[in-house]
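> A predicted structure for the sequence below; I have some questions about it.
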Amino acid sequence: MFLQISLAVVTIVTYALFFNPSIALGLFGLLAIHEYGHVVGLKITNISYEGPYFIPFLGAIIVPQEQHNSMWDEFVFVYLGPLFGLFSVGLSIGLYYITHNMIFMAIGFLAAFINLMNLIPVFPLDGGRLTRSIFTSISNSKASYFILAGIGGIFISLCVFFHFWVFSIFGVLGLFQIRNEYYNAFYAQITGNAMQKMSVQKIITTTLLYGALVLILLYCVIYTGQIVGLENINKFFE
């Protein structure tokens, strides 16, 4: 608990050094809500965990203490993070209309943007893990991991092309995680501990849920961005 509180304080102070104090608190708050969604997912699926541990500019991590029994449980755990992130967007927009303080709409824009980026289907983002749950339920595990690696390669190539060097490094780290996930999955098959695949009905359901969340967050980014005014976004971070 001491480590968690210490990292949370360090995260808030770090954000306050770079951004407007209100934005710093808002950013920490939306990350906390997102991580609480993952905590709820772990509680629903009866998995013990450690964390969350906040890391400045990298978000936060929660460490499950055991593997989920099924791809459906894994999807629920991962999906509830960005879903709660969507709730934080709604909360920010609601506070804006109650107080008429533009800072809340700016935080809503930030929440929508961060959660939308987190749904890009690339490891180690939530989007990559959601996609993994769906792909490995559709086809054999080997093919699904090669597909994820291919998506990761395209992502890295685009980041390099547009000179998004930090994101490209992030993508490379994701490829290493896919490699580890690949070997862990086949070891689990050998030992008989592989996660149960989803039924066709659940595959369709999860795909629709994933797509719907992406579209709603994209709409929220456009909606909040138009109200704040993209030319005014920077001043909230000063």
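Ah, there it is. Numbering: from 1, shown residues only.
> all contacts plus neighbour counts: C-alpha atoms, from now on.
Will do.
> how about the helices in this protein?
In chain order, the chain shows helices spanning 2-18, 21-44, 71-99, 102-117, 126-138, 141-161, 165-191, 200-228, 230-233, with DSSP state H as the criterion.
> So for V63, which of those sits nearest?
Nearest to V63, of all the helices of the chain, is helix 21-44, at 10.0 Å by C-alpha to C-alpha.
> got the CA coordinates for that closest one in CSV?
Output of helix 21-44 as CSV, limited to C-alpha atoms (Å, rounded to 0.1, in the frame of the first residue of the first chain):
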residue,chain,number,x,y,z
PRO,A,21,-2.3,21.8,-11.8
SER,A,22,-6.0,21.3,-12.6
ILE,A,23,-5.0,19.2,-15.7
ALA,A,24,-2.6,17.3,-13.5
LEU,A,25,-5.2,16.3,-11.0
GLY,A,26,-7.7,15.6,-13.8
LEU,A,27,-5.2,13.4,-15.7
PHE,A,28,-4.5,11.4,-12.5
GLY,A,29,-8.2,11.1,-11.8
LEU,A,30,-9.1,9.7,-15.2
LEU,A,31,-6.2,7.2,-15.0
ALA,A,32,-7.5,6.1,-11.6
ILE,A,33,-11.0,5.6,-12.9
HIS,A,34,-9.6,3.6,-15.8
GLU,A,35,-7.6,1.4,-13.5
TYR,A,36,-10.5,0.9,-11.2
GLY,A,37,-12.4,-0.5,-14.1
HIS,A,38,-9.7,-3.2,-14.4
VAL,A,39,-10.0,-3.8,-10.7
VAL,A,40,-13.7,-4.4,-11.1
GLY,A,41,-13.0,-6.8,-13.9
LEU,A,42,-10.6,-8.8,-11.8
LYS,A,43,-13.1,-9.0,-9.0
ILE,A,44,-15.9,-10.1,-11.3
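> And it, what does it pack against?
Helices and strands touching helix 21-44, as assessed by 3 or more C-alpha pairs under 8 Å, 6 or more residues apart in numbering; DSSP states H and E, comprise helix 2-18, strand 59-64, helix 71-99, helix 102-117.
> Highest mean neighbour count out of those?
Highest mean neighbour count among the helices and strands packed on helix 21-44 (mean count of other C-alpha atoms under 10 Å): helix 102-117, with a mean of 24.
> Next, the angle helix 126-138 makes with that one.
When axes from the mean of the first three to the mean of the last three C-alpha atoms, to 10 degrees is applied, the directions of helix 102-117 and helix 126-138 differ by 30 degrees.
> now for helix 102-117, which elements pack on it?
With contacts defined as 3+ C-alpha pairs under 8 Å, 6+ apart, the packing partners of helix 102-117 are helix 21-44, helix 71-99, helix 200-228.
> Distance to S133 and mean pLDDT for these - can I get that in JSON lines?
Output for these, formatted as JSON lines (distance: least, C-alpha to C-alpha, whole Å; pLDDT from 0 to 100):
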{"stretch": "helix 21-44", "distance to S133": "15", "mean pLDDT": "89"}
{"stretch": "helix 71-99", "distance to S133": "5", "mean pLDDT": "94"}
{"stretch": "helix 200-228", "distance to S133": "9", "mean pLDDT": "91"}
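> that older thread, which one of the helices and strands packed on helix 21-44 lies nearest to I33?
Evaluated with C-alpha to C-alpha, the helices and strands packed on helix 21-44 place helix 71-99 nearest to I33, the distance being 6.1 Å.
> how far does that closest one sit from the chain's center?
Taking C-alpha atoms, centre = their mean, to the nearest Å, the mean C-alpha location of helix 71-99 is offset from the chain mean by 11 Å.
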